[in-house]
Each structure stands twice: as structure tokens, then as C-alpha cells.
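Q: predicted model and sequence below, questions to follow.
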Amino acid sequence: MAYDGTPQPIKIKKSRFYIIGGIIVLAIAYFSFFDDYFKYLQVKSERTEVVCNQYAYKFPDGYFIEEVAMIKFQTTRDIEHVKDFMNTYPDSKEYKEVEDFKNQLWASEIKRYDSIVNVNTGFDKEAVSFFRNLLLYMRDQNNTEIQLDLQGDVEVKDFEEYPEEVITLLDMQFKASENRTVTDNIAAIKKHYRRGNIRSYERIITNSIEESFENVLSENFIKIVKEGSSDTGVAIKITYHIKNQEYGNLDAQEDEGTGVPNIWVYGKDGATNGFISYIIGVSIAYDFKMAIPDTQFTYAFSHKTNALDDINNVANIEDGYQRMTEQNFYNYANDISVKFGLTNITFCDCVLARKVFTKKMETNGADIKALQREYIGLQNTCEKFSRNKSEAELEVLNKEAEACGDQEKENDKAV
């Protein structure tokens, strides 16, 4: 048939479309892979947390994401990154290696805790034993969080709410000794214990416990979280009861007597000068409880604190009550730290501990190897005082060490 000049459609075989499409897909895959790969090479080269985060952000499902996650925790030695890896990649072929790395981190933290306890004094052996078992449990459970459950109630009352015989007795006593009655010169107490104030007092305990962990363990190694925000099962439960500070009873029989409030003097310049008002002292009873889930290990203690007499020179009555209550909470938080051996180490602690180790080494029959291991732990804890110091600074430390010797003599006298 002859061509009549009419344009004919160009026919392209379907196979050509497939070939062209395949080339485009391969090109995209090729360049995407190499973009991923070159970023991975940067991670391997620089090995910083920043570049690891950059890779994870750009390639959340990247070909090398698991390896980058490993490099991240190996570089930072952050227990949280280790925990994240184990939770994200439970079937990883490197899981055993990661678990060994985690156990090394925990062993280092437990060793640090032991070395600090060896330097500290005044700790409760039962509390320290419990805390060691707790650390081992948390290691095995891959857990780095402890819930803090704080519950308290306030049961304070104003002076006029006391029985008539108590008010009369105190009025007579103060009139005779200070020429003024309590009734006409005492500040109200109830209005100073609102819920907002209580929350600020509770934060004292929370912050103190967190700081205690920071003093002993690596930063953020164990976190304190609010009750109910974690399902780890590990929890500190603290209950407290705020009430008037009372020092005795009117009657001989305690169950028949009525508590007598302890009256403090609020003044401009000391308890007897510049009198402003009488105020009722505050006491707080605490109960501490902690248990390791699915074990027989528990630790509990009760504690009662009273307001100290350093409540003068404050801005106003509200400030006076606030300082008394804050002091109670600080005292209790410090008591927790001391019992668990979590208090910060001073330079003199290290100096005196070295002397103790020297005496132990000179004792007949001493386990030299065990003492050497203990001393290495002490050195690791105490080297921060002399690290990167100039000769002049070291000379100052030597003088301080001599002063620590004077402190040791005073401690011996006290004993």
C-alpha cells in the first residue's frame, strides 16, 4: 500500500519503557545509597554524638542505622543510649556484645560507689548493702529509673486551738520570764502551709536525691522520676506528717496528757533582742520505704526532725515558717544521703582515708591484694582534687592536708 502522506504515530516497544524506568530507579537507589554510605563513613571517622544524631535524623531507616546506634553509645558511654539500642534491636546479632558493654558500664558505676562508701563515714551498713543489690537488679533489668512517691499531710494548729490549760500555763510562764503573754504575741501558723508551699518543700527532697546520685554515679546514670510516670517497679516511697513541734505533756500519764507547743522567738536581732513575735515550732515525721521487686530485699527507716533555732533575721513571719520547714526537709534529705553513703567526698575525707589504708597495709596478716584493689578505687575517687593542678595549687593542697591532720585529732578527742 502506498504512503499517502498522513503522519503515523511513533511506536515504541514497552520493553524500552521498562529499561528506561529501571535505569532511573537504579540511579536513584545508587545515589541514595551512597548518600547514606558517605554519611555513615563520616560517622565512623568522627565518632561524635552530633554526627550520629545527624545520620539518624537524615536516615531514620538507613542501611547503617544499627551500626550508627552502636557507635553512638560506644562513643558517649551513655547508659540511656545502650538501653535504647537493646530495646530497639532485641534481635541484633551484636546484642551479646552490647549487653557486655552495658555490664561494664554498671560495673564501673558500682565500683565508683564502693570506693566512695569506703571513704565516707556514718553510713548505714544495711542501707549500703540494699543499694548495692538495687544497682545489680537495675543492671539486670536494663533499668535506669527510680520512681519517687512522696505523700504527706499537714496537721498544724494555731495557738488558740490548744486546750485552755495549756494556753494558761504558757501565758503564765512567759509573763513571768519575759513580761509578755504568748496569747497576745503569737503569729498564726495554719495560713503558712498552703499546697503551693508544700510542693516546694517536696522538691527539696527530689532535688537532693538526684544530686546525691550525681555525686556518686555518672551524670544521668540513674534518673528520679515522678510516681506513675514509669513502670519499672523500682520506687522510693516517702510519707511525711507536718505538725506542731511539741516537747512534753501536762500530766504524768502520756495517754492522758496534752502536748505542749514549743514556742520560738522571732526577732530582729537574735531571740531576745528586737522582739517581733512568738511562733510555734514545726516538726515533721518521715517514713522511708524501698523494696526490690520479686526479691526479699527491702529497706525502711523512720525519722523525725525538729526546727533548728536559726530562724532569726528573716524578712517576715512567712519567711520564718518557710525556713523552719525547709530546714526540716533539708535535714531529712541529707539523712537519706548519709545512710546510703551518697554524700559528696571532701579533700579531708581522702587524706584521712589514705592514712587508714596505710595502717591497714602495715597490719600483720592483712589481705594485701584486696587492700590494693580498694586503694585503687580510692585513688580513682580522690584524684579529682589534684588533677591538672599547678605546683602552687598542689602546695596549697599539701597545707590543707596538714589541716586535715588537725581535724583527725579533733575527731579522736570527740570519740
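A: Yep, it's here.

Q: how about the strands in this protein?
A: Counting by DSSP state E, the chain has strands at residues 145-155, 223-226, 235-244, 246-249, 259-261, 263-269, 273-280, 282-291, 298-306.

Q: just the helices from the stretch 251-400 of the chain, written as ranges.
A: With DSSP state H, counting those that start in this stretch as the criterion, the stretch 251-400 of the chain has helices at 317-339, 347-362, 368-382, 391-414.

Q: mean confidence score for the second one?
A: It stands for helix 347-362. Mean per-residue pLDDT for helix 347-362: 69.

Q: which stretches of the stretch 201-350 of the chain have low pLDDT?
A: 228-231, 248-258, 268-273, 306-320, 344-347, 349-350 (pLDDT under 70).

Q: 50 - rerun?
A: Residues of the stretch 201-350 of the chain that meet the criterion pLDDT under 50 lie in 250-257, 309-310, 312.

Q: let me have the strands of the chain in JSON lines, extended by distance to residue 394 and mean neighbour count.
A: Every residue, glycine included, has its C-beta placed from N, CA and C. Listed next are the strands of the chain as JSON lines, based on distance: least, C-beta to C-beta, whole Å; neighbours: other C-beta atoms under 10 Å:
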{"stretch": "strand 145-155", "distance to residue 394": "39", "mean neighbour count": "15"}
{"stretch": "strand 223-226", "distance to residue 394": "37", "mean neighbour count": "14"}
{"stretch": "strand 235-244", "distance to residue 394": "41", "mean neighbour count": "18"}
{"stretch": "strand 246-249", "distance to residue 394": "51", "mean neighbour count": "14"}
{"stretch": "strand 259-261", "distance to residue 394": "55", "mean neighbour count": "20"}
{"stretch": "strand 263-269", "distance to residue 394": "44", "mean neighbour count": "17"}
{"stretch": "strand 273-280", "distance to residue 394": "47", "mean neighbour count": "18"}
{"stretch": "strand 282-291", "distance to residue 394": "42", "mean neighbour count": "19"}
{"stretch": "strand 298-306", "distance to residue 394": "41", "mean neighbour count": "15"}
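
Q: between those, which one is closest to residue 338.
A: For residue 338, the closest of the strands of the chain is strand 298-306, at 11.0 Å, according to C-beta to C-beta.

Q: kindly export the closest one (C-alpha atoms) in CSV.
A: C-alpha atoms of strand 298-306 as CSV (Å, rounded to 0.1, in the frame of the first residue of the first chain):
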residue,chain,number,x,y,z
THR,A,298,13.8,-4.2,101.4
TYR,A,299,15.0,-1.1,103.4
ALA,A,300,12.9,1.2,105.6
PHE,A,301,13.5,3.7,108.3
SER,A,302,11.6,6.4,110.2
HIS,A,303,12.9,9.8,111.0
LYS,A,304,11.7,12.8,112.9
THR,A,305,13.2,16.3,112.6
ASN,A,306,12.6,19.5,114.6
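
Q: mind giving me the domain split of the protein?
A: Per automatic domain parsing, the domain ranges recorded for the chain read 14-111, 122-339, 347-414.

Q: among these, which is the most enclosed?
A: Comparing those by mean neighbour count (mean count of other C-beta atoms under 10 Å), domain 122-339 ranks first with a mean of 16.

Q: distance from the chain centre to it, please.
A: 19 Å (C-alpha atoms, centre = their mean, to the nearest Å).

Q: so how far does it reach from one end to the other?
A: Length of domain 122-339, first residue to last, C-alpha to C-alpha, to the nearest Å: 7 Å.

Q: I'd say residue 82 and residue 73 touch.
A: Yes - under the criterion of C-beta atoms under 8 Å, residue 82 makes contact with residue 73 at 4.7 Å.

Q: okay, and the common contacts of those two?
A: Both residue 82 and residue 73 are contacted by 98, 101, under the criterion C-beta atoms under 8 Å, 6 or more residues apart in numbering.

Q: hang on, the earlier thing: distance to residue 404 for the strands of the chain - can I get that in a markdown table?
A: As requested, these are exported to a markdown table (distance: least, C-beta to C-beta, whole Å):
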| stretch | distance to residue 404 |
| --- | --- |
| strand 145-155 | 34 |
| strand 223-226 | 33 |
| strand 235-244 | 34 |
| strand 246-249 | 39 |
| strand 259-261 | 43 |
| strand 263-269 | 36 |
| strand 273-280 | 38 |
| strand 282-291 | 32 |
| strand 298-306 | 30 |
